[in-house]
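> From the sequence below, what's the structure:
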Amino acid sequence: MSDFFAELPQPRFEPAFDVTVHVGPPRDHGVTSAGHRRVVPILGGRIAGDLEAEILPGGSDRQLIAPDGTIGIDAEYTAVAAAGPLLIRTRGVRAGSDEVLARLSRGEAVDPDAYYFRTTFEVEAAAPEFSGLQRTLFVAVCRRDGSEVRYRVHRIA
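A predicted model of the protein is given here:
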């Protein structure tokens, strides 16, 4: 009997680009029907690597905070590259101990190994030069550094 699952290729993670997002102070919306909601404004930033682009001000991260402090990430922002504009969406999770999450919320430097912060990274664009980005799955390993979020995006091959 053949094991069809064993024949599936193993995914590989290839570094694609690095992202630095400048964020403003979170706006607390309190406990809504969905849960504790907070919105973090995106003020700008940069994407460097296989994709080179400037992140424009005006996006946001609509966070949903669970009772244990785990934060659901749901960010959308616009970036502009030489070939044209891109819509970027990241979704993920930031979790850690109460002490670590409190330090992060105060803007303190925290070793990224002390907490879990991972996202997906999706691209939507009209320019044909970006078609490959739109047919690829990406995941990112992230860290919060005061008023910046930095992450390395990996292509799943």
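> what about the lengthiest strand in the chain, average pLDDT?
If you go by DSSP state E, the chain has its longest strand at strand 36-49. If you average the pLDDT over strand 36-49, you get 97.
> Ok, stretch 55-65 next?
The average pLDDT for stretch 55-65 rounds to 97.
> In that stretch, which residues are buried?
Across stretch 55-65, burial judged by 16 or more other Cβ atoms under 10 Å covers 55, 59, 60, 61, 63, 65. Just so you know, the C-beta spots here come from the backbone N, C-alpha and C atoms, and that holds for glycine as well.
> now stretch 81-96
So for stretch 81-96, counting by 16+ other Cβ under 10 Å, buried means 81, 86, 88, 90, 92, 94, 95, 96.
> Could you list the buried residues of the lowest-mean-pLDDT helix or strand in the chain?
Between all helices and strands in the chain, the lowest mean by mean pLDDT, DSSP states H and E belongs to helix 98-105, at a mean of 92. Of the residues in helix 98-105, 100, 101, 103, 104 count as buried by neighbour count, 16+ other Cβ under 10 Å.
> ranges for the helices of this structure?
Secondary structure of the chain (DSSP state H): helices at 98-105, 131-134.
> Does anything pack onto the longest one? Which helices or strands?
Read it as helix 98-105. Contacts defined by 3 or more Cβ pairs under 8 Å, 6 or more residues apart in numbering; DSSP states H and E place helix 98-105 against strand 84-95.
> relative orientation of the strand it packs on and strand 36-49 in degrees?
130 degrees (axes from the mean of the first three to the mean of the last three Cα atoms, to 10 degrees).
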